[in-house]
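*Asks:* My questions concern the predicted model and sequence given below.
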Number of protein chains: 4
Amino acid sequence: MTYEIRGIVKKARQVEALGYSITWENIGDPIQKHNHVPDWMKTIIADLLKEDKTYGYADSKGVLETRQFLAELNNKQNGAQITAEDILFFNGLGDAIAKLYQFLIPTARIIGPSPAYSTHSSAEAAHANTAPITYKLDPDNQWLPDMEDLYLKVKYNPAIVGILLINPDNPTGMVYPKEVLEGFVKIAEEFNLLLIVDEIYQNITYNGITSVPLSEVIGDRPAISLKGISKEFPWPGARCGWMEFYNRESSQEFSKFCQTLENAKMIEVCATILPQLAIPKIMTHPEYHSCRQKANAAIGKRSDWMAEILGDIPGIKFNPTQGAFYNTIVFDEYLLTPTQSLSIEDPKLQALLDTWLVGSEMPLDKRFVYYLLAAEQICVVPISSFCSDLRGFRVTLLEEKEEVFKDTFRRLGKAIGSYLKSSEVK
Amino acid sequence: MTYEIRGIVKKARQVEALGYSITWENIGDPIQKHNHVPDWMKTIIADLLKEDKTYGYADSKGVLETRQFLAELNNKQNGAQITAEDILFFNGLGDAIAKLYQFLIPTARIIGPSPAYSTHSSAEAAHANTAPITYKLDPDNQWLPDMEDLYLKVKYNPAIVGILLINPDNPTGMVYPKEVLEGFVKIAEEFNLLLIVDEIYQNITYNGITSVPLSEVIGDRPAISLKGISKEFPWPGARCGWMEFYNRESSQEFSKFCQTLENAKMIEVCATILPQLAIPKIMTHPEYHSCRQKANAAIGKRSDWMAEILGDIPGIKFNPTQGAFYNTIVFDEYLLTPTQSLSIEDPKLQALLDTWLVGSEMPLDKRFVYYLLAAEQICVVPISSFCSDLRGFRVTLLEEKEEVFKDTFRRLGKAIGSYLKSSEVK
Amino acid sequence: MTYEIRGIVKKARQVEALGYSITWENIGDPIQKHNHVPDWMKTIIADLLKEDKTYGYADSKGVLETRQFLAELNNKQNGAQITAEDILFFNGLGDAIAKLYQFLIPTARIIGPSPAYSTHSSAEAAHANTAPITYKLDPDNQWLPDMEDLYLKVKYNPAIVGILLINPDNPTGMVYPKEVLEGFVKIAEEFNLLLIVDEIYQNITYNGITSVPLSEVIGDRPAISLKGISKEFPWPGARCGWMEFYNRESSQEFSKFCQTLENAKMIEVCATILPQLAIPKIMTHPEYHSCRQKANAAIGKRSDWMAEILGDIPGIKFNPTQGAFYNTIVFDEYLLTPTQSLSIEDPKLQALLDTWLVGSEMPLDKRFVYYLLAAEQICVVPISSFCSDLRGFRVTLLEEKEEVFKDTFRRLGKAIGSYLKSSEVK
Amino acid sequence: MTYEIRGIVKKARQVEALGYSITWENIGDPIQKHNHVPDWMKTIIADLLKEDKTYGYADSKGVLETRQFLAELNNKQNGAQITAEDILFFNGLGDAIAKLYQFLIPTARIIGPSPAYSTHSSAEAAHANTAPITYKLDPDNQWLPDMEDLYLKVKYNPAIVGILLINPDNPTGMVYPKEVLEGFVKIAEEFNLLLIVDEIYQNITYNGITSVPLSEVIGDRPAISLKGISKEFPWPGARCGWMEFYNRESSQEFSKFCQTLENAKMIEVCATILPQLAIPKIMTHPEYHSCRQKANAAIGKRSDWMAEILGDIPGIKFNPTQGAFYNTIVFDEYLLTPTQSLSIEDPKLQALLDTWLVGSEMPLDKRFVYYLLAAEQICVVPISSFCSDLRGFRVTLLEEKEEVFKDTFRRLGKAIGSYLKSSEVK
């Protein structure tokens, strides 16, 4: 198990130690990128901390009022209806994901997207004690899922009991059209599968696109939606995420699985209470929606800028994003070689880079990422770390300062060009 | 896996639904028992929330400054010395415990106390896929561990690779004398074992007793201490606990195990940041120690009151406590029978109780606990739920209101008497 | 794990106990069906037993001379070449099959035919701790494998590391044409799979058909052939079978797996020596081939008789066989109902049958098999016991006495008709 | 998993290849040591092979008449009574042992003797996926078991569900006195354990000693006796052994376990039939008992010769044997060093030996064994390969030719002396 989003930080810290400042593009932390938490939100949270009960334990499943609030929020969408009993809080989505796969029986497999947010694929692989099973997201088709690939894999592999989708997607920024979501439901129906959807970026869409929640199209199929506030408020440090169980009673196995997850959580007593108490207050605040819209619009604008800067660079596949705040850029096949390079003037930096490259059989995109880090001090994550055979890297759309943002991607674009050209015979 | 501390709540809620109010003695939540979080502490936390960075992600292992602070705190005790790198933050101790056992190989066993805080024993049993292995805490010897029992079990069971101790202990309130701790270290040395100590109640001792930290006596043996702020600040809702690795490099296996735990945490990104940021500020606040002392003194006084009220009741073993805020009271052997009862006037309550008792082969202390809940609306936890063959129950010493506290235990004492007598032939 | 070929015997014994004599069609034991072991063969074996060394241990892998003999026998076919070191003896094929799957890692799966000889599918399922993975043999296409089904299942299930084929096939009697075998090899090549072939019936073909050994078409792919003398000599009671490893050094994993199997066998010291000593003497005896040919011709003639008797019965799919000595007859889909019956005059037999049928949700072919056993005292095995969703039964072509043979299948044919008609509305 | 009894053969073959002839003392194969199978026995077996049915399958559990015969044989001892249903045949004891442990749940452990016949300890360890659990046989107390060691290990390790004993013992030649057997039964009773006894050498005792069968003292405890004809007839090449289940219905778990073993065997169809058919005929033959007595007396005499030759050699512990046909000789503690040697004149032999010794951290008794093989061409098995911390080796008492036998052990005795002296400072 590796987690390159965090693992790359060690390398970047070594560059910092040589006196350079890093442009962090490895992690989706809005706070780090100068996104401000609005004052009214801070006030709500600070006020909660005046009450003693904020410091105590919550119910094992989570604060009842908050679960009721979230159930109603879901129910307004007129899809699958739930009650507070169908919601289970965790210490962030990472915790929810870890438990989700840990408590499946080892021979039951969940197929997920490739590339995929690696917390999912690592946890699924660990539970099965073997490699993850994936369906393709297609960079030549706006990163939409290859539904035929999914259909055939599900049809011909009886070990698969469920499908994971991430919508909006991390790391590609793609948002599933309703028709595609319905396609997933249809496959789940035909093969009697559980659907798991990671909807943590559900309210982060822009440039005219909105995300259809799975609950709207799920009908009476069993499903689990994973949600959280890390990205949306944004409050990643709160470690607050939850599961919503749709149609919990639609099958005995699913019902039992939900119960197992509740028991597992109970052993650990409960999840963080402060963010739970804050959720209804923040989400019903008059400025909440406009705040989110403003933030979304800003991401949308950055998406446009990125398209302008990177859209026409030869040798890569670039897709403009519609949701979340990542973009995954992949190199055209066969363009990367193990001899390409970027020029680095500082001999200390070059020496450091050499230690990273020595004797290793790394994927070729990781090699590019190392060069980029050494030459431009831009820290991105290779796409081979996202359970993918493609070669590319993930960047974020979070930098609040326009000039910093544009400068970063101009430098990145130039670096791509130089790197690819460096292998050409002159 | 069951977790009766939380499981009993369902039964109590049914009593509430009949219009009764419950005296909650099931869980160690100081906040619920009217313990106030001091204003200066609230101010520190509220101030932190004014800064944006409080909302972002922390380092995977935890906030560096806080880990440095805690390392120094430990190092002042002049025992095993650590650095920030030897500390790993989790989302509460429940999370730390779950990971600790999950990532041991299945055939490697940790022997723990009986009775035991069930989060430990359940997680250990789940990892090994069989029953927990335990050493006895002796109610006839102030709940001190039966070191010969431990020695022989370790000597004659090669599967055991480590020993868990909880100090101060939950659920017995016992504090290990230094000599006993040294006895554990000696056994660990003789049989080359890892020591794991749950020290979450380390600073909650009273009536002249203090708790010796394991790091003071561990020497150069590998050990893990589990700590947290839930009980001490108290701030259970924060879900903030950590591991301290002592002598991480003293054995290759231990070193590798620590690395595995760090990787596992990294996959889940990081732990809650707010409490981590608060720790150094709170622990260095001038009022911090006096606050804790006052709270400890109050628990100590309640311990005395409890001894006065319950100390001489025939048919039970009562030990005054020295630390944490629980007492475990066990019935003399063979005194419980499946026909004892408490009189209940409300026929609705009686009918409810009957549904709990029907057709089940429950341990006899659980039966008493149900009667107590129905007859007196006092909610305690049977000791058979703490991985023990003894029969009794755990109560807390947390109720801040003197009259409520005394009244609760007077009623409890009376109920014990009536229950035991009810089986006598008249 | 069940093994209906033997399990059905218990039911048949109950019928015997009522005074009836059973026509045993459940098991492929030529001896039971009056097949004689030729005198020259008996003499060879009896002579061997005059020497003391026949009573001692063999080499762990098997008698060296015999392994050399069998290696040469294989090498003459001009396919994959092997040496004595590539042969490993077991106590019958059942033992070889059990070890084969037991020593694969649990997440590595072997896809096998459906219907399948259940010793394979049970052992594979036990090793993986879940249901077997199968490709279809098609009763509408002479029981040939559905190669597209196989291709897609292999392509879309990365857990599959090998393919099992049984040639000639048990329970269908189908013999793979060379083109089909080459198709298997091609798939193995494309997806880098191990081929496992059960060739125990390799020399039992008739009516102009011969069986192509896998070694002839395997090229340089890793493969294991399972062979034995139980059916061919016939000497099932000897418990003597062996593995031939083809291209043992073609991959590191395969090489290691072969070594693991050898080690596993060594722990059990060695396999039965008498049949091993007999093999070269018997197989090089001048009468050996003519003996086998005569026996094959007899089976071929019975295959014709069976086709005459059963070939045109409506409601079933009948395929004439080409090898081995079984035929699998399946009912047309949806023709079986849970209310069909055969008339049984003896009330004791009816009462016995009723006890078998009561309260159970058995596959509908098992229901037919029970009726057939009670009404006609013919003991066959339901095809649902052969890892198949089809509904039918397996019979043998072994009965040496022509009249007994014909009478059995005439009674069987009549019973099929009556049973199917019994549900028609009159 | 290693099986040094067979593994050492590879080394010995290398010595043979240099033109030397080996004195095989590694394996208990009476046939190899010129033990003759009596003519009347050969006649019985040859006669059986004249009948066709000898070549067919047996009942899954074994030939009914033979099982009835063996049940009666056991019942005459007036201990635990059994029927044919309590007997299950296997392809030799190796097969029985493999299945026995394979079908226990992984967390249920069987404690066995140390040193131990490694087929038991390897199979038990494989089933539990960790090291075997053992009790000591004491070379300072005639190799009798250290019952206190056993008692404490059983008492303090709840994973232990059964005890294995081998009686007469391999590799020590010790025969358990009745009192010791009763001690085992008492421990089994106190801790509710299954007893497993390997009694394959039951009728091989001498010099006035007889072996008490477990069934005589087992009372109503559940137990499994493992028996066979390999050593007794002797007919090791037959691969014929069986289990006797005592008090099969005395516990639900045991009853279920017996059924599981029967099902496992059924999947592999049946065990070798010829030896099963021969058993009643041979065992009831008028010369059978005198034959066995004569063979036993011969072993007894060799035991005396060995005691004369090796009994007083300083530096080793020698115990005269009472049963089976092995002796285990251990060196006094700390006498072996990694610099001792035997002089070898042939430089080719020395060079070969050097390749065995290079760079390895082998147990010191294995080092001696290699020297003995190179210097004297005597092939014995190091006792460290028998799951033991002792250092020594196993020899056999099988050589029929007096002079060969005496010469072998004289040479062995001399080699021991030279080897030990070689490290003395001169």
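*Replies:* Received the coordinates, thanks.
*Asks:* On the C-terminal side of the host helix or strand of A:Q293, identify the next helix or strand.
*Replies:* A:Q293 is part of helix A:288-310 when elements are defined by DSSP states H and E. Using DSSP H and E, the helix or strand that follows helix A:288-310 towards the C-terminus is strand A:316-317.
*Asks:* Tell me if I'm right that A:K281 and A:I44 touch.
*Replies:* Yes. Between A:K281 and A:I44 there is a contact at 4.8 Å, judged by CB atoms under 8 Å. Backbone N, C-alpha and C define where each C-beta goes, glycine included.
*Asks:* Now do the strands in the stretch 1-150 of chain A.
*Replies:* Using DSSP state E, counting those that start in this stretch, the strands of the stretch 1-150 of chain A run over A:23-24, A:87-90, A:109-114, A:133-138, A:144-145.
*Asks:* Which of those strands sits closest to B:K406?
*Replies:* strand A:87-90 (36.4 Å; CB to CB).
*Asks:* Any residue of that closest one touching chain B?
*Replies:* No. If you take CB under 8 Å from any CB of the partner chain as the test, strand A:87-90 misses chain B, and the best it gets is 8.7 Å.
*Asks:* Would you mind listing the buried residues in that strand?
*Replies:* Buried residues in strand A:87-90, defined by neighbour count with 16 or more other CB atoms under 10 Å in any protein chain shown: A:87-90.
*Asks:* winner for burial among the strands of the stretch 1-150 of chain A?
*Replies:* Sort those by mean neighbour count, taking mean count of other CB atoms under 10 Å in any protein chain shown, and strand A:87-90 sits at the top with a mean of 26.
*Asks:* Give me the pLDDT value at A:P30.
*Replies:* Listed pLDDT for A:P30 reads 88.
*Asks:* Leaving out sequence neighbours, find the closest residue to it.
*Replies:* Computed as CB to CB, 6 or more residues apart in numbering or on different chains, the closest residue to A:P30 that is not its neighbour in sequence is A:P234, at 4.2 Å.
*Asks:* isn't A:Y156 right up against C:Y156?
*Replies:* Yes. The pair A:Y156 / C:Y156 is scored as a contact, 3.9 Å apart, by CB under 8 Å.
*Asks:* Just give the number of residues close to A:P234.
*Replies:* Number of residues near A:P234 (other CB atoms under 10 Å in any protein chain shown) recorded here: 26.
*Asks:* what's the answer for A:K153, then?
*Replies:* Neighbours around A:K153, by other CB under 10 Å: 22.
*Asks:* Off-centre distance for the helix or strand harbouring it?
*Replies:* In this structure, A:K153 sits in helix A:147-155 according to DSSP H and E. Distance, stretch centre to chain centre, for helix A:147-155: 23 Å (CA atoms, centre = their mean, to the nearest Å).
*Asks:* Could I get the CA-only coordinates of that helix as CSV?
*Replies:* Output of helix A:147-155 as CSV, limited to C-alpha atoms (Å, rounded to 0.1, in the frame of the first residue of the first chain):
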residue,chain,number,x,y,z
MET,A,147,-19.5,1.1,-20.1
GLU,A,148,-18.9,-1.9,-22.3
ASP,A,149,-15.7,-2.6,-20.5
LEU,A,150,-17.6,-2.4,-17.2
TYR,A,151,-20.4,-4.5,-18.5
LEU,A,152,-18.2,-7.3,-19.7
LYS,A,153,-16.0,-7.4,-16.6
VAL,A,154,-19.1,-7.6,-14.4
LYS,A,155,-20.8,-10.2,-16.6
